[in-house]
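Engineer: this is a predicted model, with the sequence first.
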Amino acid sequence: MVEPVPSHAEEDEPERPDDDESRNDAESPAAGDSGGGRSAGRAKKRHQQRKQRPFWKELPILIVVALVLAFLIQQFLARVYMIPSGSMEETLHGCPGCTPDRILVDKVTYDFTDPSPGDVVVFRGPDTWLEGEAPVETSDNGFVQFLQSIGSVFGLAPPDERDFVKRIIATGGQTVQCCDDQNRVLVDGKPLDEPYIHWEGSRTQADFGPVTVPQNSVWVMGDNRNNSSDSRYQGGGGERGAVPVDNIIGKARFIVLPPSRWGTVSDHNPQQPAEATALGAPAWQQGLPLGAGLVAAWPTVLAGRRIGGAARGAVGRRR
C-alpha cells in the first residue's frame, strides 16, 4: 500500500513567470538573457508600428488598385460612355457645351444573346461610315493624349475612336423601308411602334428603301429621327449603311450621370405592339446577362484586395 506523499506545493513548485514574461522569453533570442523579454517586446511594438502605416502612405496603393480594377471591368464587363450629340434625344441627352449624359454600356449581354430590335447599342463605326471623315483631332502633347485616353475609358471625355450610339430597328435578313401613309417605318411590311421618337421641326420622315439588311448586321436609327446621321445616310445608305454585329461594343443600360438624369435606357421592341411585349421573356430572365456580369466583377475586386494585402505584407516583411 502506497501512502500519500504530503504535499508542499508552495515550497516545491517553482515560481511561474506571468504570461507576458513567458511570451517575451519565448520570443527572446537568448532565454537566459534577463533583458531578452523587454527587447522582444520592443521589437514586437516596432513591427506593429510598421504594419499600421499611416493612411496617406497606403492611399497611392489603393488608388492604383482601384484604377486597375476599374480599367479591367470597363474593358471586359461594362464601360461608361459620354453622349456627344443630340441624335438620340430625348432618350439620351447630348450637345456641345452642355452637360451630356454618361451611360453604362453592358459588354456581357451579347455574349449570351443576339442584338434585338429596340436595343440601344454603342458600336464602332464600320469602314463605310468613316469614308471621307476627317481624322479625330488629338493633341501633339503625349501627356495630354494619355489623359484623354484615360478620360475616355472612364466616360470623362469623348472616346478617341469613332464610336456611335443608335437604336436597332431591324436585324439581318429583315427588309426595312419608310414610310407608310401614317409616316411609320416598316419592317417586313409591318409598321413599327416607336413611342421613343423625338421630332425637331418637321414631323415627317424622309422616304428610303426598301433595304434588306445583310446577315450578321443590324439597321440602326436615331431616336431624334430628323437629326440623326444613321443607317439611312451613312455610306450612301442602303446595305452600306448597315452595321456588322461584330462592331457592336455593348448595350446601353443606365444613365449614370448627371444625377438628375438617372434611369434605365428604354429598349422597347418597335416590332412588337405593347400588349405583345408582355408575352416576352420575364424581366428576371432578361436581366441574367447583366447580373452575370456584375457577379463576375466581384472575384476581380476580391482578388485585387488580396493582391494588395499580400503586397503590403511583403513590404512589411522586407522592412
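Structural biologist: The structure has been received and is ready for your questions. Here the structure is a predicted model, which means the values were calculated and not measured.

Engineer: start to end distance for stretch 233-251?
Structural biologist: 23 Å (Cα to Cα, to the nearest Å).

Engineer: avg pLDDT for that stretch?
Structural biologist: This predicted structure assigns stretch 233-251 an average pLDDT of 95.

Engineer: now do stretch 104-115
Structural biologist: 93.

Engineer: give the contact list for the residue nearest to T212 when sequence neighbours are not counted.
Structural biologist: Nearest residue to T212 in three dimensions, chain neighbours excluded: T175, at 4.9 Å (Cβ to Cβ, 6 or more residues apart in numbering). C-beta here means a position set from N, CA and C on the backbone, and glycine is covered the same way. Contacts here follow Cβ atoms under 8 Å, 6 or more residues apart in numbering; on that basis T175 touches 187-189, 209-213.

Engineer: output whatever helix or strand T128 lives in in PDB with nothing but the alpha carbons.
Structural biologist: Taking DSSP states H and E as the criterion, T128 maps to helix 127-130. C-alpha atoms of helix 127-130 as PDB (Å, rounded to 0.1, in the frame of the first residue of the first chain):
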ATOM      1  CA  ASP A 127     -15.500  51.500 -92.700                       C
ATOM      2  CA  THR A 128     -18.400  52.600 -94.800                       C
ATOM      3  CA  TRP A 129     -19.400  55.000 -92.100                       C
ATOM      4  CA  LEU A 130     -15.900  56.600 -91.900                       C
END
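
Engineer: give me the residues contacting it.
Structural biologist: 162, 164, 234-236, 240-241, 243.

Engineer: residues contacting P273?
Structural biologist: P273 neighbours (Cβ under 8 Å, 6+ apart): D193.

Engineer: where's it relative to W199, distance?
Structural biologist: In this view, P273 and W199 are 22 Å apart by Cβ to Cβ, to the nearest Å.

Engineer: how about Q174?
Structural biologist: Distance from Q174 to W199, by Cβ to Cβ: 25 Å.

Engineer: compare the two and say which one has the larger neighbour count.
Structural biologist: Just comparing Q174 and W199: by other Cβ atoms under 10 Å the higher neighbour count belongs to Q174, 16 against 13.

Engineer: and the more buried one, what does it touch?
Structural biologist: 187-188, 212-213, 219.

Engineer: out of those, who's nearest P100?
Structural biologist: Distance to P100 across the contacts of Q174 (Cβ to Cβ) is lowest for W219, with 25.2 Å.

Engineer: that closest one sits in which helix or strand?
Structural biologist: Going by DSSP H and E, W219 is part of strand 217-221.
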